[in-house]
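Engineer: Return atomic coordinates for the entry below.
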Amino acid sequence: MTQLNLADLGWSDHFTRQAGESPRAARISAIHRGRLEALSPEGPLDLTPKGAGLAFAVGDFILHDGTRPTERLVPETEIARRSAGTAAAERQLIAANVGTLGIVTSCNADFSVPRLERYLAMAEASGCLPLILLTKADLTEDPAAFLRQAERLSPLVTALALDARDTEEAAKLEPWLRPGMTLALVGSSGTGKTTLLNALSGLSERTGGLRGDDRGRHHTTFRSLRQTRFGGWIIDTPGMRELGMEGASEGIDVVFSDVSDLAAGCRFSDCRHESEPGCAVKAAVDAGELDAERLARWQKLRREDRHNSESIAEARARFRRFGKTTAHGNARREAKEAGWEEE
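Structural biologist: Down below sits the predicted model:
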């Protein structure tokens, strides 16, 4: 790799205002257990974070002393999700300082409207431009049908169909990978994210095909920042089985702007869009103007986001209330069974 300056790495005035004119700065290119890989004008760095609980993301800009990061600079954009697992209550950072979120799916059974809507809401909430990349277009008779479905999901969407193995086809991504720009690839395993990375960067990372059910095998095991042949940067991510919504309410409403616009016309501000009088949303469903399944997906994402976005204190209070209600109900049931309380 040729010597890089901070501008090559994606540095902007946003970071200069935080760090000053002559910072000792670097950009994180990979995160391992107990150490960080970073790129800097002085060359590649191997840094050891000091202390527990420090959260970094691939793509972060940091200040450093040569051996340790000393400060994480506030990113321009930050992609995060709710940590997987029912017991987890933490945000998991996926990538930082990303201009475009490349949502990779295949022109086959992997194509899922609900999953794409989740990723689009994530992109909007993160401040990234959404770009849907439909791979394996060479293996389907009608890739245009998948393009039409993708483009209908939101007016914000740009969608491309391509063969990820073809370097000329991959070159369609050049407008999002010019010097200083960063594209992050997200999506299910086996959809071609690493194949795209190889075509765009000239690397030869290991890839894996699909199983018989069109579901992929995991081969990317950690996130990494790589320079592309166009000068910009690409972040490859492992396939995500869970994509929990958190802090994405505005993004959800933008992606589902048709539903949220209708909801603004309901008679009651707290309308649940079920059986309330004056519900503009249910009226649109009944009139065939809004798909009932799309409404259900909007409601599900909003419920999940509200639940996951509550603070730890709010969660504890909710569980205390639930516990008291359950205890009260158990006491009443025991009293009835003992004949101390009438039915």
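
Engineer: Show me the helices in the stretch 51-200 of the chain, by range?
Structural biologist: If you assign secondary structure with DSSP state H, counting those that start in this stretch, the helices in the stretch 51-200 of the chain sit at 113-126, 143-151, 167-170, 193-201.

Engineer: ok, and which of those has the densest surroundings?
Structural biologist: Each of the helices of the stretch 51-200 of the chain was given a mean neighbour count from mean count of other CB atoms under 10 Å, and the largest, a mean of 24, is that of helix 193-201. For glycine as for every other residue, the C-beta is placed from the backbone atoms N, C-alpha and C.

Engineer: Just the CA coordinates for that one, please, in CSV.
Structural biologist: These are the backbone C-alpha positions of helix 193-201, laid out as CSV (Å, rounded to 0.1, in the frame of the first residue of the first chain):
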residue,chain,number,x,y,z
LYS,A,193,-20.1,-9.5,0.1
THR,A,194,-16.6,-10.9,0.2
THR,A,195,-16.7,-11.7,-3.5
LEU,A,196,-17.4,-8.0,-4.1
LEU,A,197,-14.6,-7.0,-1.7
ASN,A,198,-12.2,-9.1,-3.7
ALA,A,199,-13.4,-7.6,-7.0
LEU,A,200,-13.1,-4.1,-5.7
SER,A,201,-9.9,-4.3,-3.8
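
Engineer: what are the bridge partners for residue 32, then?
Structural biologist: Legend: beta-bridge partners of residue 32 under DSSP bridges are residue 35.

Engineer: Neighbours of residue 6, how many?
Structural biologist: Here the neighbour count serves as a burial measure; for residue 6 (other CB atoms under 10 Å) it reads 20.

Engineer: wait, what's in contact with it?
Structural biologist: By CB atoms under 8 Å, 6 or more residues apart in numbering, residue 6 lies in contact with 15, 25, 41.

Engineer: Any chance of those in a markdown table with distance to residue 62 and pLDDT as columns?
Structural biologist: Shown next, in a markdown table, are the contacts of residue 6 (distance: CB to CB, whole Å; pLDDT from 0 to 100):
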| residue | distance to residue 62 | pLDDT |
| --- | --- | --- |
| 15 | 10 | 97 |
| 25 | 7 | 97 |
| 41 | 14 | 95 |
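
Engineer: Out of those residues, which is nearest to residue 276?
Structural biologist: Closest approach to residue 276 among those (CB to CB): residue 15, at 48.6 Å.

Engineer: Surely that closest one and residue 21 touch.
Structural biologist: No - applying CB atoms under 8 Å, one finds residue 15 not in contact with residue 21, separated by 11.1 Å.

Engineer: show me where the stretch 201-343 of the chain has helices.
Structural biologist: If DSSP H, counting those that start in this stretch is used as the criterion, the helices of the stretch 201-343 of the chain fall at 249-255, 257-263, 280-286, 292-309, 312-338.

Engineer: How about the contacts made by residue 48?
Structural biologist: With contact taken as CB under 8 Å, 6+ apart, residue 48 is in contact with 34, 35, 36, 67, 68.

Engineer: Can I get these in TSV including neighbour count and distance to residue 273?
Structural biologist: Listed next are the contacts of residue 48 as TSV, based on neighbours: other CB atoms under 10 Å; distance: CB to CB, whole Å:
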residue	neighbour count	distance to residue 273
34	7	49
35	12	50
36	23	46
67	11	56
68	13	52
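
Engineer: Can you tell me which of the contacts of residue 6 is nearest residue 175?
Structural biologist: Distance to residue 175 across the contacts of residue 6 (CB to CB) is lowest for residue 15, with 23.6 Å.

Engineer: Not counting its own residues, what contacts the host helix or strand of the closest one?
Structural biologist: Assigned by DSSP states H and E, residue 15 belongs to helix 13-19. Contacting residues not belonging to helix 13-19 are listed as 6, 23, 25, 61, 63, 71, 73, 74, 76 [CB under 8 Å, 6+ apart].

Engineer: what do you get if the cut-off is 6 Å, keeping everything else the same?
Structural biologist: Residues external to helix 13-19 that are found in contact with it (CB atoms under 6 Å, 6 or more residues apart in numbering): 25, 61, 63, 73, 76.

Engineer: Report pLDDT for the third one.
Structural biologist: pLDDT, residue 63: 96.

Engineer: Begin at 38 from now on, thanks
Structural biologist: OK, 38 is where the count begins now, so the last one is residue 100.

Engineer: Look up how far residue 261 lies from it.
Structural biologist: As judged by CB to CB, to the nearest Å, residue 100 and residue 261 stand 22 Å apart.

Engineer: Among residue 52 and residue 58, which residue is more densely surrounded?
Structural biologist: residue 52 (22 against 5).

Engineer: show me the contacts for residue 195.
Structural biologist: Contacts here follow CB under 6 Å, 6+ apart; on that basis residue 195 touches residue 168.

Engineer: Could you report the separation of it from residue 162?
Structural biologist: Remark: distance between residue 195 and residue 162 (CB to CB) = 18 Å.
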